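Visitor: let's see this in three dimensions:
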Amino acid sequence: MTADETPALYGYSAESSRVERQWEEKMRAIPEPANLRAYMERLTARPHNVGSPYDKDNAEWILGKFKEFGLDAHVEQFEVLFPTPKDRLVELVEGGLKFAAKLQEPALPQDATSNQQSEQLPTYNAYSIDGDVTAPLVYVNYGVPEDYEQLERMGVSVKGKIVIARYYHSWRGIKPKVAAEHGAVGCLIFSDPHEDGFFQGETFPAGPYRPPDGVQRGSVEDMPLYPGDPLTPGVGATKNAKRLKVEDAPVITKIPVLPISYADAQPLLAALGGRVAPADWRGGLGITYHVGPGPAKVHLRVTSNWEPLKTLYDVVGKIPGSTFPDEWVIRGNHHDGWVNGAEDPTAGQVALLEEARALGELVKSGWKPKRTIIYCAWDGEEPGLLGSTEWAEEHYDELRAHAVAYINSDSNGRGYFNVAGSHTLEKFSNDVAR
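Guide: Coordinates of the predicted model:
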């Protein structure tokens, strides 16, 4: 096919398509794998959760890079609620040999950053309410509504019980929410090797899957109710914003919840009696999965530091548009992590940085985008989309007037290209992929 026979790009004339393709060829030649590696090593060198010194340090470094690339860049700060663990306990007190969960990921010689434990957030679920409960244990499969329907058919109630659910098949915040709605007093969430461990393949360090003591951290904020800072719904969490009291924030869980590893979960599950779990409830551990309740009785305690508020740092860079400067195309990825965050979010963040550098190089070569492009490196996304939500709430009127598209990434991985979003962008996304 000759250049003249090449179909025009979606939204372009034949002539403008030729010009566009020439610029795209120039852009594709700019990104350097060595830069991506250097960015990755810099950003993931230390744990960088919200409120940590390296989180702020990374934001300042990204700001410097944006400016170096030629973007008009600045940092916007917000003050948000981000509780961190003070006390965590899970122990089997009846129904088997007394057992206390480690609740700790060991340092490994293959990972030099894994020994930074004084800087790492402990394994926990952010925005769990404080609590100290002792109750019989019930296994609830994935802990989603249809699982409780199955339990009801089996004659099993979780009222007054602690439930243990495995990760997957829903967002983790649904699990303690549904458990509380059915009367449970506590919730444990574990990574079963059937979905997230040796059943899938070799575990780290021999392979990529979760090892026995690995724990999935994460937020259990009730984000379907509203995302962002729990204390400032609908408004930006600026220093002087009006705030709810912590006890009045409806997105904080109603029962205490902790995530645990499958090494810590196995003794608890092995101590359960009652009916054998349905076939599709059985995971990859070498035990017979029972539903309970009991005879296993578990003591769960969770206490967090709820003060002070933590400062988050959104880094925002702009490339002015030439034809429609008042129309904004916003490009986002976050820079905060639960720990070192190499896969999520830094795999996506390093791509965004090199992308911004490439566009900066094109601008120096005479190219100008028709619309203004705004690059955003969000902070506080892991706990509950804090950085992006607070920025959007603070700039609500401007976004209503100027924003035409938002394109987000989070992680990069080898394999299929996955895009999700507005159906109006489907043809455009297919065109770009081709």
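Visitor: OK, contacts around Phe99?
Guide: Contact partners of Phe99, counting by Cβ atoms under 8 Å, 6 or more residues apart in numbering, are 91-92, 267-268. Every residue, glycine included, has its C-beta placed from N, CA and C.
Visitor: can you give me the neighbour number for the nearest residue to Phe428 once chain neighbours are set aside?
Guide: In space, and not counting its chain neighbours, Phe428 is closest to Tyr10: 5.7 Å by Cβ to Cβ, 6 or more residues apart in numbering. Around Tyr10 there are 13 other residues, counting by other Cβ atoms under 10 Å.
Visitor: need phi/psi at Tyr10.
Guide: When read as degrees, to the nearest 10, the backbone of Tyr10 gives phi -60, psi 120.
Visitor: wait, what's in contact with it?
Guide: Tyr10 touches 427-428, 431, counting by Cβ under 8 Å, 6+ apart.
Visitor: what of Ile129?
Guide: Residues counted as contacts of Ile129 (Cβ under 8 Å, 6+ apart) are 252-256, 302.
Visitor: give me the nearest residue to Arg282, chain neighbours excluded.
Guide: Tyr289 is the one closest to Arg282 (Cβ to Cβ, 6+ apart), at 4.5 Å.
Visitor: quick check, central residue of this structure?
Guide: Glu382 (4.1 Å; Cα atoms, centre = their mean).
Visitor: pLDDT score assigned to that one?
Guide: We note a pLDDT of 97 for Glu382 in this prediction.
Visitor: again with Gly332
Guide: Here, the pLDDT recorded for Gly332 equals 98.
Visitor: strand partners of the helix or strand encompassing it, parallel vs antiparallel please.
Guide: Using DSSP states H and E, Gly332 falls within strand 324-334. Strand 324-334 sits in its sheet next to strand 371-378 (parallel), strand 403-408 (parallel), going by DSSP bridges.
Visitor: most tightly surrounded among these?
Guide: Highest mean neighbour count among the strands paired with strand 324-334 (mean count of other Cβ atoms under 10 Å): strand 371-378, with a mean of 23.
Visitor: and the next helix or strand along the chain from it, how far out from the chain's middle?
Guide: Per DSSP H and E, strand 371-378 leads on to helix 381-384 as the next helix or strand towards the C-terminus. Chain-centre distance of helix 381-384: 6 Å, with Cα atoms, centre = their mean, to the nearest Å.
Visitor: can I get stretch 212-225 as CSV, trimmed to CA atoms?
Guide: Extracted C-alpha coordinates of stretch 212-225, given in CSV (Å, rounded to 0.1, in the frame of the first residue of the first chain):
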residue,chain,number,x,y,z
PRO,A,212,3.3,-18.0,51.2
ASP,A,213,4.0,-15.0,53.4
GLY,A,214,3.1,-12.3,50.8
VAL,A,215,0.1,-10.1,51.7
GLN,A,216,-1.9,-7.8,49.5
ARG,A,217,-2.3,-4.4,51.1
GLY,A,218,-5.1,-2.2,49.9
SER,A,219,-7.8,0.2,50.8
VAL,A,220,-11.3,-0.8,52.0
GLU,A,221,-12.7,2.7,51.8
ASP,A,222,-16.3,2.5,50.5
MET,A,223,-15.4,4.2,47.2
PRO,A,224,-18.7,3.4,45.5
LEU,A,225,-20.2,5.8,48.0
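Visitor: mind listing what's buried in that stretch?
Guide: Neighbour-count burial for stretch 212-225, counted by 16 or more other Cβ atoms under 10 Å, picks out 212-223.
Visitor: and the closest residue to Arg243 other than its chain neighbours, how far is that from Lys161?
Guide: Excluding its sequence neighbours, the residue lying closest to Arg243 (Cβ to Cβ, 6+ apart) is Leu231, at 4.1 Å. Using Cβ to Cβ, to the nearest Å, we find Leu231 at a distance of 31 Å from Lys161.
Visitor: tell me, how many residues neighbour Glu307?
Guide: Neighbours of Glu307 using other Cβ under 10 Å come to 9.
Visitor: got it, and Leu89?
Guide: Using other Cβ under 10 Å: Leu89 sits among 14 other residues.
Visitor: that one - that's part of a strand, no?
Guide: Yes: counting by DSSP: H, G, I helix; E, B strand; the rest coil, Leu89 is located in a strand.
Visitor: which residues does it contact?
Guide: Applying Cβ under 8 Å, 6+ apart to Leu89 gives the contacts 100-101, 103, 299-302.
Visitor: bridging residues for it?
Guide: Under the criterion used (DSSP bridges), Leu89 bridges to Arg301.
Visitor: ok, so what distance separates it from Lys242?
Guide: 36 Å.
Visitor: now do Ala45
Guide: 38 Å.
Visitor: got it, and Gln120?
Guide: Gln120 is 34 Å from Lys242, by Cβ to Cβ.
Visitor: those two: which has the busier surroundings?
Guide: Higher neighbour count among Gln120 and Lys242: Gln120, with 21 against 7, using other Cβ under 10 Å.
Visitor: so that one sits against Val339, correct?
Guide: Yes: if you go by Cβ atoms under 8 Å, Gln120 and Val339 touch, sitting 5.2 Å apart.
Visitor: now list whatever residues contact both of the two.
Guide: Pro47.
Visitor: neighbours of Ser367, just the number please.
Guide: Just so we're on the same page, residue 367 is Trp rather than Ser. 16.
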